[in-house]
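In: the following comprises the amino acid sequence and a computationally predicted model.
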Amino acid sequence: MFNIIPSDNGGTNILEMKTLETCHHCGEEKEDCYHGFIAMTLPIPEAEALIEKWGGKEWWKNLERTDLTDNEMKELDGLATYDQLLSTVGRGVQCNGCAQKEAELYEKYYPSNK
């Protein structure tokens with residue numbers, strides 16, 4: 001989608017074409033989008049809380065346990081899917097707002113100083 005904006009260039013009216021693109025993370029149409037490799041999802045606080053519940057960095061070891069209920073296994077299966085989405089990158093479009101949010105969430109849950 002294009003947004004036509006009149007601009008005054010020294011007395012000459014020029015129509016400027018600005019491209020609006022849809023961010024793959026927030027779903028909003030914005031002008032400030034980046035094209036490149038992005039994760040399939042941003043870190044999700046609720047899922048990160050479940051990871052902590054199941055042992056933090058070692059949460060995945062619970063997938064091999066045989067003493068879990070069906071609901072506990074469904075919860076772990078959901079975490080496995082989330083982990084895959086968080087770890088998989090592909091070509092996409094991301095707005096600056098989501099890029100900032102992503103950086104903040106990664107620093108909160110996966111700090112670079114550890």
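Out: Cool, the structure landed. Residues are numbered from 1 along each chain as shown.
In: in contact with the residue nearest the centre of the chain, which residues?
Out: When Cα atoms, centre = their mean is applied to the chain, the residue found nearest the centroid is residue 42 (2.3 Å). Residue 42 is in contact with 25, 98, 101-102, 105, counting by Cβ atoms under 8 Å, 6 or more residues apart in numbering. Placement of C-beta: from N, CA and C, glycine included.
In: and for residue 82, the neighbour number?
Out: 19 (other Cβ atoms under 10 Å).
In: figure out the helix or strand that it lives in.
Out: helix 70-87 (DSSP states H and E).
In: what helices or strands is that helix leaning on?
Out: strand 33-39, helix 45-53 (3 or more Cβ pairs under 8 Å, 6 or more residues apart in numbering; DSSP states H and E).
In: residue ranges with poor pLDDT in this structure?
Out: Residue ranges of the chain with pLDDT under 70: 1-18, 114.
In: touching, residue 68 and residue 61? I think so.
Out: No - Residue 68 lies out of contact with residue 61 (Cβ atoms under 8 Å); the separation is 11.9 Å.
In: so if I had to pick from the two, which one is more boxed in?
Out: residue 68 (14 against 10).
In: helix, strand, or coil at the more buried one?
Out: Counting by DSSP: H, G, I helix; E, B strand; the rest coil, the backbone at residue 68 sits in coil.
In: now the phi/psi pair for it, please.
Out: Backbone torsions for residue 68, taken as degrees, to the nearest 10, come to phi -90, psi 150.
In: mind giving me the packing neighbours of the helix or strand where residue 98 lies?
Out: Using DSSP H and E, residue 98 sits within helix 96-109. When contacts are defined as 3+ Cβ pairs under 8 Å, 6+ apart, helix 96-109 sits against strand 33-39.
In: list the buried residues in the strand it packs on.
Out: Within strand 33-39, the residues that count as buried by 16 or more other Cβ atoms under 10 Å are 33, 38-39.
In: since that was my last question, I'll sign off now.
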